[in-house]
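Q: What shape does this take:
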Amino acid sequence: MRIAIIGQQDFGKAALEAFLQRGDDVAAVFCAPEKGRPDPLRLAAEAAGVTVFQFPKLTDPAALEALTAAKVDIGVMAYVTQFVPQNFCNIPKFGTIQFHPSLLPLHRGASSMSWSVICGRSETGFSIFRPTDGLDEGPVILMRSVKIEAEDTLGSLYFGKIFPMGVAGLVEAADMVVAGKAPAIAQYEPDAGYEGIIREAESRINWANHVDQTFNLIRGCNPAPGAWTTLDGKKLFLFESTKRIARTFSEVKGKKIGEVVAQNGQSLTIHGQGGFIEVHRIRPDGGKKVAAAEVGIAVGSILGG
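A: This next block holds a predicted model:
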């Protein structure tokens, strides 16, 4: 089949390579202009001799003309952060498909995997759907689920599970669409949910919340943007934690919420509502990730004050 890839970063690159490796003709790649490090998708496309377009907006008439000129069978959206208008999606002969890392209609929005972990869900997955002008609201073609283990973080969930399955899912869904065998299952709106991007306010730790919530927040923000607290007015980002539920009053007697209660040479143990969070890696604001005990936080310090 003849394909246009719309996407960016490592996931977009992996999708491009998956189609090329099986002999499909990738006629064009559309990726957002870079604001920092080079986009892996752009680099891979150029190395493979694929024409790359980087329009600031895909609503630009020139973007529509470029896709029309490519004469592709299907558009494949692989990690897209730009708004993609419906008239762009409709240009390919068989339309366009899009990857989203949640079990739609749950967790629509750009931080869907983080929210799945933060909300304490036991499973998530990905959906391949027909994009509409509504955010993540189009009919679903294919869906796959994965278990969220107790030790999973955003990073392990994405890179270890959803990323490889999602690339394979895009290939499978594209084949179904071009063969005329793809379903179009309307999302069940009563179950729908949308959450915004995880930013500073969402990733701040409140030690008065139950340790279950704090543990899930740290996992859901690891590796980025990092759940954070403060010490003496300075931010500390926490990673790679475990939790322990307090079973008796004697375990927490005399301990304050947010208090560092132990240090074992590598980790710090912090008292939160209902138990303890043992943190193994910390990044001071502006610094690098190090073993938590290396930051020099004394037992008895109060975090988040």
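
Q: only C-alpha atoms for contact and neighbour calcs from this point on.
A: Fine.

Q: so where do the helices sit in the stretch 1-150 of the chain?
A: All helices of the stretch 1-150 of the chain, identified by DSSP state H, counting those that start in this stretch, fall at 9-21, 40-47, 61-70, 86-89, 112-118.

Q: what comes up buried for stretch 286-295?
A: 289, 291-293, 295 (16 or more other C-alpha atoms under 10 Å).

Q: In those, find the pair that's most separated.
A: Using C-alpha to C-alpha, the buried residues of stretch 286-295 reach their maximum pairwise distance at Lys289 and Ala293, which is 11.4 Å.

Q: Name the surrounding residues that touch stretch 282-297.
A: Contacts of stretch 282-297 with the rest of the structure, by C-alpha atoms under 8 Å, 6 or more residues apart in numbering, involve 234-239, 260, 263-268, 279-281.

Q: Endpoint to endpoint, that stretch covers what distance?
A: One end of stretch 282-297 to the other measures 11 Å (C-alpha to C-alpha, to the nearest Å).

Q: okay, now Phe249: neighbour count?
A: Using other C-alpha atoms under 10 Å, the number of residues around Phe249 comes to 9.

Q: Could the C-alpha coordinates of the longest strand along the chain be exported in PDB?
A: Counting residues, the longest strand found in the chain (DSSP state E) is strand 234-245. Extracted C-alpha coordinates of strand 234-245, given in PDB (Å, rounded to 0.1, in the frame of the first residue of the first chain):
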ATOM      1  CA  LYS A 234      13.200  24.000  46.500                       C
ATOM      2  CA  LYS A 235      11.700  21.300  44.200                       C
ATOM      3  CA  LEU A 236      12.600  17.700  44.500                       C
ATOM      4  CA  PHE A 237      11.400  15.200  41.800                       C
ATOM      5  CA  LEU A 238      10.800  11.700  43.000                       C
ATOM      6  CA  PHE A 239      11.200   8.500  41.000                       C
ATOM      7  CA  GLU A 240      11.300   4.700  41.500                       C
ATOM      8  CA  SER A 241       9.300   4.300  44.700                       C
ATOM      9  CA  THR A 242       7.700   1.600  46.700                       C
ATOM     10  CA  LYS A 243       4.900   1.900  49.300                       C
ATOM     11  CA  ARG A 244       4.100   0.300  52.600                       C
ATOM     12  CA  ILE A 245       0.700   0.600  54.300                       C
END
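
Q: what helices or strands is that strand leaning on?
A: Judged by 3 or more C-alpha pairs under 8 Å, 6 or more residues apart in numbering; DSSP states H and E, strand 234-245 is in contact with helix 211-220, strand 227-231, strand 275-284.

Q: got any ranges where the chain has weak pLDDT?
A: Applying pLDDT under 70 to the chain flags no residue at all.

Q: show me what contacts the residue most central in space within it?
A: For the chain, Met113 is the residue whose C-alpha lies nearest the centre (C-alpha atoms, centre = their mean; 4.9 Å). Taking C-alpha under 8 Å, 6+ apart, we find Met113 in contact with 101-102, 107, 124, 154, 158, 220.

Q: What about those, which are in strands?
A: Thr124.

Q: could the contacts of Met113 be laid out in JSON lines, adding neighbour count and distance to Asp10?
A: Listed next are these as JSON lines, based on neighbours: other C-alpha atoms under 10 Å; distance: C-alpha to C-alpha, whole Å:
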{"residue": "Pro101", "neighbour count": "27", "distance to Asp10": "15"}
{"residue": "Ser102", "neighbour count": "27", "distance to Asp10": "18"}
{"residue": "His107", "neighbour count": "24", "distance to Asp10": "22"}
{"residue": "Thr124", "neighbour count": "23", "distance to Asp10": "21"}
{"residue": "Leu154", "neighbour count": "24", "distance to Asp10": "16"}
{"residue": "Tyr158", "neighbour count": "18", "distance to Asp10": "12"}
{"residue": "Gly220", "neighbour count": "31", "distance to Asp10": "20"}
